[in-house]
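Engineer: Take a look and give me a structure for this.
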Amino acid sequence: MSTITEQKCPCCGGAVEFNVGAQKLKCPFCDTEFEISDMPQVEENNAVEAINWNSQAWAAGETDGMNVYSCKSCGGEIVADAATSATSCPYCGNQVVMKGQFSGAFRPDLIIPFKLDKKAAKEAFKKHLKGKKFVPSGFLSDNKLDEIKGIYVPYWLFSCDAYSQMTFYGEKIKKWSDSNYEYTKIDTYNVYREGSVTFDNVPVDASQKIDNTLMESIEPFNLSDAVGFNTAYLAGYVADKFDVSMDESSVRANDRIRQTTYDTFKRDTVEGYTNIVDGAINMNVTNGSYKYALLPVWLVSTKWKDKTYTYAMNGQTGKFAGNIPTDEKKAKLMGGFLGVAAGLIGYGLLWLIELL
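Structural biologist: Predicted structure coming up:
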């Protein structure tokens, strides 16, 4: 059974961490490295087969030594082992406090270990701001970068088959004219499409604290790197507790599945028309299954003029996303400069015309 002692270095007793570069557990005190498979395991978890509708439960003793930290500002709760120092909330940057022992949540089926470290996240953040002329002075400072947190974000992964019947009206428009009239001919065609689209592991983040659009902006995650969950992967990181149920998340998954199916049928199969108008659309989703997974994300939450800005980087691929604040004074100065420049160019053209 897993206890906190299983994340201790057997050589010196220090708390080990998951090392991104080596993809192994590493002791920061004596530099000894260990394979995840060398650590005592609880029970093997099959990462390939889709699970049933009943989620897996934590094995007896598996959550021993795992603590919950609670943010008094945004209400966020994160999970970490007892050796992890969680001093600030990865969502809003405010201080977090110990709440108690972890219990009650479903056991994840899969986890994608971090492939990129904090240094890569810092560089991605700088690159994201580079060349942005209206970023406020002082927004990019070292203390902001130090607030980058590596967190395993909870996701529901949905798989299904979408059988669809769709009708479109395709218009072919031809125009011509003679010396007297202009003519327009519109031919309308009834276009019928029928077929199935298979979806594997459509991701929906299961945290209310993270904007869905932000999380979708750093997709995709490569599920071929997913492995069976093991608490050892949390060493040195934190994990968010899901607060959006599978049933609630399935609504968003259905929306994504339906929109993707519609786009696939319309974009890839209806061609050669001037205009395409939607007709009747029927869709039936079958063979649904889901998994619960923890996916790696680097988060940085910064405050600027009492507003919190949250950025995210895919901890597997490095894809970065997030809105950037605008310095209104810089924007107005640039607008004024462009206005003056346009005026001078216009005046110069008038002067040139008069000379001609």
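Engineer: Could you check which helix or strand contains the residue nearest to residue 237 when sequence neighbours are not counted?
Structural biologist: Once its chain neighbours are removed from consideration, residue 237 has its nearest residue in residue 150; the separation is 4.7 Å (CB to CB, 6 or more residues apart in numbering). (Glycine included, C-beta is placed from N, CA and C.) Element membership for residue 150 (DSSP states H and E) is strand 149-177.
Engineer: for that strand, what is the average pLDDT?
Structural biologist: The average of the pLDDT scores along strand 149-177 is 92.
Engineer: before we move on, what about stretch 181-195?
Structural biologist: The predicted confidence, averaged over stretch 181-195, sits at 93.
Engineer: What are the buried residues along that stretch?
Structural biologist: 191, 193 (16 or more other CB atoms under 10 Å).
Engineer: give me phi/psi at residue 235?
Structural biologist: The phi/psi pair for residue 235 (degrees, to the nearest 10) reads phi -60, psi 120.
Engineer: tell me the pLDDT at it?
Structural biologist: In the prediction, the pLDDT value recorded for residue 235 is 78.
Engineer: about what we covered before: the strand holding residue 150 pairs with which strands, parallel or anti?
Structural biologist: Each strand paired with strand 149-177, and its direction, by DSSP bridges: strand 182-205 (antiparallel), strand 238-240 (parallel), strand 275-304 (antiparallel).
Engineer: Which stretches in this structure count as strands?
Structural biologist: 17-19, 24-26, 33-34, 66-71, 77-81, 96-101, 110-111, 149-177, 182-205, 227-228, 238-240, 275-304, 307-314, 320-321 (DSSP state E).
Engineer: Give me the helices and strands touching the last one, please.
Structural biologist: By that I understand strand 320-321. Contact here means 3 or more CB pairs under 8 Å, 6 or more residues apart in numbering; DSSP states H and E; on that basis strand 320-321 packs against helix 118-129, strand 307-314.
Engineer: Now the longest one: buried residues?
Structural biologist: In other words, helix 118-129. Applying a neighbour-count criterion of 16+ other CB under 10 Å, the buried positions in helix 118-129 are 118, 120-122, 124-125, 128.
Engineer: CA atoms only: put that helix into PDB for me.
Structural biologist: Extracted C-alpha coordinates of helix 118-129, given in PDB (Å, rounded to 0.1, in the frame of the first residue of the first chain):
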ATOM      1  CA  LYS A 118       9.600  25.400 -14.800                       C
ATOM      2  CA  LYS A 119      12.400  26.900 -16.800                       C
ATOM      3  CA  ALA A 120      10.600  26.100 -20.100                       C
ATOM      4  CA  ALA A 121       7.400  27.700 -18.700                       C
ATOM      5  CA  LYS A 122       9.300  30.900 -17.800                       C
ATOM      6  CA  GLU A 123      10.800  31.100 -21.300                       C
ATOM      7  CA  ALA A 124       7.400  30.500 -22.800                       C
ATOM      8  CA  PHE A 125       5.900  33.300 -20.700                       C
ATOM      9  CA  LYS A 126       8.600  35.700 -21.800                       C
ATOM     10  CA  LYS A 127       8.200  34.700 -25.500                       C
ATOM     11  CA  HIS A 128       4.400  35.200 -25.200                       C
ATOM     12  CA  LEU A 129       5.000  38.800 -24.100                       C
END
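Engineer: What's the local residue count around residue 168?
Structural biologist: Residue 168 has 20 neighbours, counted by other CB atoms under 10 Å.
Engineer: ugh, wrong one, I meant residue 219
Structural biologist: Here the neighbour count serves as a burial measure; for residue 219 (other CB under 10 Å) it reads 14.
Engineer: roughly how far apart are it and residue 317?
Structural biologist: According to CB to CB, to the nearest Å, residue 219 and residue 317 sit 9 Å apart.
Engineer: No further questions, thank you.
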